[in-house]
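Undergrad: Predicted structure and sequence below. I'll ask about it afterward.
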Amino acid sequence: MGPSFNEQFDQHGAWRRAFALQLQQLADWMGSHELMDAAVQERLRRLEEQVRTDKVMVAFVAEFSRGKSELINAVFFAGYGRRIMPASAGRTTMCPTELGYDPAVAPSLRLLPIETRLQPQGLADWRLRPEQWEEVPLDVKDAEQLARSFEKVSEVRRVSVDEARALGFWSDDEPADNPLPDAQGRVEVPRWRHALINIAHPLLKQGLVILDTPGLNAVGAEPELTINLIPQAHAVVFILGADTGVTRSDLAIWREHLAAPGQASDARLVVLNKIDTLWDTLNTPDQLRAQLDRQCRGSAETLGVPLAQVLPVSAQKGLIAKIQDDDALLAASGLPRLEEALSEGIMGRRQAILRSAVAAGVAQLQAEATRTINIRQRDLDDQMLELRSLRGKNASVIDSMRGRIEQEQQDFEASAARIQAVRAVHLRLLREVFQQLGSRSLRSELTPLAEALKARGLKLGVRKTYADTFERLRALMQGAQQAGSEIHDMLGGTFRQLNAEFGFSLQPPAPVQLGHFVQDITQIEERHLQYLGMGNALRLAQPEFTQRLVRALGMRLRTVFESAANDLELWSKSATAQLDAQLRERKRSFARRIEAVDRIHQAASGLVDRIAEIEQAERALAELEGRLRDLTRQLVALPMVDATARDAGDTLPQPLSA
């Protein structure tokens, strides 16, 4: 049996801390050797922030009463020796609940009232208004207080049918899905729209975020949940009942919100929960295994996922087994296989992504620092040639050499105006691209879609408007790509000219690549096309729902556009930073050359001493470059966690003997 998800995540956290420490050491070393230009500093900052703030989100999605909260208890909170998330019979989690850790926020449970659905603001807007949330302080060391506080996510309230309709929990055209009215004609709805739990749990402190979602009605009525939160989860655990398999409501959730284009197939795990309900004295263990095998195969075929990603589990028995330290019951519960699948699926993929990002970032970092070292080496070589040419020369020759260096210096400084003109053109083109990718431009492109969704009655032409909107958004990103290529070509021509005139070694970075952001836009379009289908015609007739839909889309797209702008900005800094570095090093070189000639003029031993100094400086530069290679190699080679492969023969959990 391989390491559990908790153990894997602990190791992942240890790797992140070790990497952050080595990255800080590299930054200190580079700063002490004056290798920290603007581009290097920005790249170091981004690498450090990426690793330090990296989050791993696991979303648990299911219809009501499938055992989501019990599964969360079993996988993450068994160490408390009791249930922490409410998991009693019937409906438990009534609102989407995020569990994470932010050291800047006190341990707390924050609850957003359901009435906020009647207002146009999205969840992201409400997050910025903490005064609108009800806050419950938490004591992470008191399991009883935690469990009692978390029960609030189960709270409901009774409202009129009209209010339920306005909140999105009543449909006149789909009465079968409506809650049952009581004797007074009032119906039950969740009391809270969203819950944020902030506690210093060891896994949450290391960047784990758990998303516990309620049933179909709550998921479908909150576009921001399905557009922003669930698609960004690194893994989705979809829970079914082992006795029922895939029901109609389960299939509706899967098709509408999880089986979306662009979603990594290995990021979705299907759990057949409550397998203990099949354990009885009338079936032999072989019969039970055969029954579970049929349910797993049927669920895999219905949902279109590989059989290996359908896992039979008893969350309740797994929790009890962990609390009682019962290895036999734990194995029978199937929980270890789920934890192993989470470890391999989430941690393996997350580590691969981080390793790739780290390797690319460190390689660029090394290239930029090496370029500065090469500039210094080239200047030393030039000085050495000059000094060796002065051996045996008289004072007039030395004076002539000094005059020639001063003339070169004057010519170089006179070129500053031309370099500044190139900078001005570069910045102007860059500002134009940033405007294309800015929030005002995005808002303008989304306006026709928002207007079409606001129209009364059936939105017959909205799908075409939707398609046209995303076509324009892709065109914007492609235009930014083209503008980036034009800037690259302009810089390439300028750099070649400066290299020829002043002996620089400027090299424009590889052209900026924004193509993957175009793909992101297409994935967003495809994932959420179902909101415009006939099944959502009634919801689209509700102004508050369409407002939330447009806001959620706008937020998701804004993230893509901001990321593209950030990549373009870093690319631009990399291009201009080497120009700054070579200008700075060339100015220092002129000063050192003039100083060396003056010293040689004043003392006969000055020439020999200066040649010896340059030779020592060359040796120091070689050592500097070697140390840079060692430090960056250590960063890339820092060992990461390797998920242990499962035993190929371990297929289904073994039921306990009746």
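TA: Noted; the coordinates are in hand. All of these numbers come straight from a predicted model, not from anything done at the bench. Numbering: from 1, shown residues only.
Undergrad: Can you read off the pLDDT for the residue lying closest to residue 274 once chain neighbours are set aside?
TA: Among residues not flanking residue 274 along the chain, residue 242 sits closest, at 5.2 Å (Cβ to Cβ, 6 or more residues apart in numbering). The way it works is simple: take the backbone N, C-alpha and C, and place the C-beta from them, glycine included. pLDDT for residue 242: 88.
Undergrad: I figured residue 242 hits residue 294, correct?
TA: No. Between residue 242 and residue 294 there is no contact under Cβ atoms under 8 Å: 11.0 Å.
Undergrad: And these two? Which one has more around it.
TA: residue 242 (24 against 11; other Cβ atoms under 10 Å).
Undergrad: And the more buried one, how far from residue 204?
TA: 29 Å (Cβ to Cβ, to the nearest Å).
Undergrad: ok so, going back, let me see the backbone angles for the residue nearest to residue 274.
TA: The phi/psi pair for residue 242 (degrees, to the nearest 10) reads phi -60, psi -30.
Undergrad: Could you tell me which residues make contact with it?
TA: Contact partners of residue 242, counting by Cβ atoms under 8 Å, 6 or more residues apart in numbering, are 272-275, 277-278, 292, 295, 312.
Undergrad: Could I get the full set of helices for the stretch 1-150 of the chain?
TA: Per DSSP state H, counting those that start in this stretch, the stretch 1-150 of the chain carries helices over the ranges 5-32, 38-52, 68-76, 123-127, 143-150.
Undergrad: Of all the ones you listed, which one comes closest to residue 495?
TA: helix 38-52 (14.8 Å; Cβ to Cβ).
Undergrad: Only the buried residues of that closest one, if you could.
TA: Of the residues in helix 38-52, 39-40, 42-44, 47-48, 51 count as buried by neighbour count, 16 or more other Cβ atoms under 10 Å.
Undergrad: what's the answer for stretch 180-194, then?
TA: Within stretch 180-194, judged by 16+ other Cβ under 10 Å, the buried ones are 186-194.
Undergrad: now do stretch 287-302
TA: Neighbour-count burial for stretch 287-302 [16+ other Cβ under 10 Å]: 288-289, 291-292, 295-296, 299-300.
Undergrad: same deal with stretch 610-629?
TA: For stretch 610-629, a neighbour-count test (16+ other Cβ under 10 Å) marks 610-611, 613-614, 617, 621, 624-625, 628 as buried.
Undergrad: Give me the buried entries from the contacts of residue 242.
TA: Buried among these (16+ other Cβ under 10 Å): 272-275, 278, 292, 295, 312.
Undergrad: Can you tell me which member of these has the lowest pLDDT score?
TA: residue 278 (83).
Undergrad: residues contacting that residue?
TA: 242-243, 288, 291-292, 655.
Undergrad: Give me the subset of these that lies in helices.
TA: Judged by DSSP state H, those include 288, 291-292 as members of helices.
Undergrad: where exactly do the strands run in this protein?
TA: 56-61, 97-100, 108-113, 134-137, 156-159, 187-190, 192-198, 208-212, 235-241, 268-273, 310-312 (DSSP state E).
Undergrad: which one of those lies closest to residue 477?
TA: strand 56-61 (25.4 Å).
Undergrad: can you list the residues that contact that closest one?
TA: 9, 12, 68, 71-72, 207-213, 219, 229-230, 232-239, 253, 257-258, 342, 346-347, 350.
Undergrad: Can I get that strand in PDB? Just the C-alpha atoms.
TA: This file holds the C-alpha atoms of strand 56-61, laid out as PDB (Å, rounded to 0.1, in the frame of the first residue of the first chain):
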ATOM      1  CA  VAL A  56      -4.400  22.200  -4.300                       C
ATOM      2  CA  MET A  57      -8.100  22.200  -4.500                       C
ATOM      3  CA  VAL A  58     -10.200  19.000  -4.100                       C
ATOM      4  CA  ALA A  59     -13.900  19.400  -4.900                       C
ATOM      5  CA  PHE A  60     -16.400  16.900  -3.600                       C
ATOM      6  CA  VAL A  61     -19.500  16.900  -5.700                       C
END
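Undergrad: chain center to that strand: distance?
TA: Relative to its chain's centre, strand 56-61 lies at 13 Å (Cα atoms, centre = their mean, to the nearest Å).
Undergrad: Lowest-scoring secondary structure element of the chain by mean pLDDT?
TA: helix 216-220 (a mean of 55; mean pLDDT, DSSP states H and E).
Undergrad: picking that back up, with mean pLDDT as extra columns, can I get the helices of the stretch 1-150 of the chain in JSON lines?
TA: Shown next, in JSON lines, are the helices of the stretch 1-150 of the chain (pLDDT from 0 to 100):
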{"stretch": "helix 5-32", "mean pLDDT": "78"}
{"stretch": "helix 38-52", "mean pLDDT": "76"}
{"stretch": "helix 68-76", "mean pLDDT": "88"}
{"stretch": "helix 123-127", "mean pLDDT": "82"}
{"stretch": "helix 143-150", "mean pLDDT": "90"}
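Undergrad: Go through the ones you listed and pick out the most buried.
TA: Stretch with highest mean neighbour count among these: helix 68-76 (a mean of 26; mean count of other Cβ atoms under 10 Å).
Undergrad: how about the nearest residue to residue 478 once chain neighbours are set aside, what does it touch?
TA: Distances taken as Cβ to Cβ, 6+ apart put residue 518 closest to residue 478, at 6.3 Å, once the chain neighbours are dropped. By Cβ under 8 Å, 6+ apart, residue 518 lies in contact with 474, 477-478, 481.
Undergrad: mind pulling up the phi and psi values for the residue nearest to residue 313 when sequence neighbours are not counted?
TA: Leaving aside its sequence neighbours, residue 313 sits nearest to residue 334 (Cβ to Cβ, 6+ apart; 4.2 Å). Backbone geometry at residue 334, expressed as degrees, to the nearest 10, gives phi 80, psi 0.
Undergrad: Out of the buried ones among the contacts of residue 242, which is nearest to residue 120?
TA: residue 273 (37.2 Å).
Undergrad: surely the closest one meets residue 69?
TA: No. Applying Cβ under 8 Å, one finds residue 273 not in contact with residue 69, separated by 11.0 Å.
Undergrad: which ones are touching residue 561?
TA: With Cβ under 8 Å, 6+ apart, residue 561 has these contacts: 437-439, 442, 476-477, 517.
Undergrad: any weak-confidence spans in the stretch 451-600 of the chain?
TA: By pLDDT under 70, the low-scoring segments of the stretch 451-600 of the chain are 456-460, 530-531, 533-544.
Undergrad: picking up where we left off before, closest to residue 461 among the ones in helices among the contacts of residue 278?
TA: For the ones in helices among the contacts of residue 278, the nearest to residue 461 is residue 292 (49.0 Å; Cβ to Cβ).
Undergrad: how about the closest one, what does it touch?
TA: Neighbours of residue 292 in contact, by Cβ under 8 Å, 6+ apart: 242, 272, 275, 278, 312, 652.
Undergrad: Need the helices of the stretch 1-150 of the chain in JSON lines (columns: distance to residue 360).
TA: Formatted as JSON lines, the helices of the stretch 1-150 of the chain follow (distance: least, Cβ to Cβ, whole Å):
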{"stretch": "helix 5-32", "distance to residue 360": "14"}
{"stretch": "helix 38-52", "distance to residue 360": "10"}
{"stretch": "helix 68-76", "distance to residue 360": "32"}
{"stretch": "helix 123-127", "distance to residue 360": "30"}
{"stretch": "helix 143-150", "distance to residue 360": "41"}
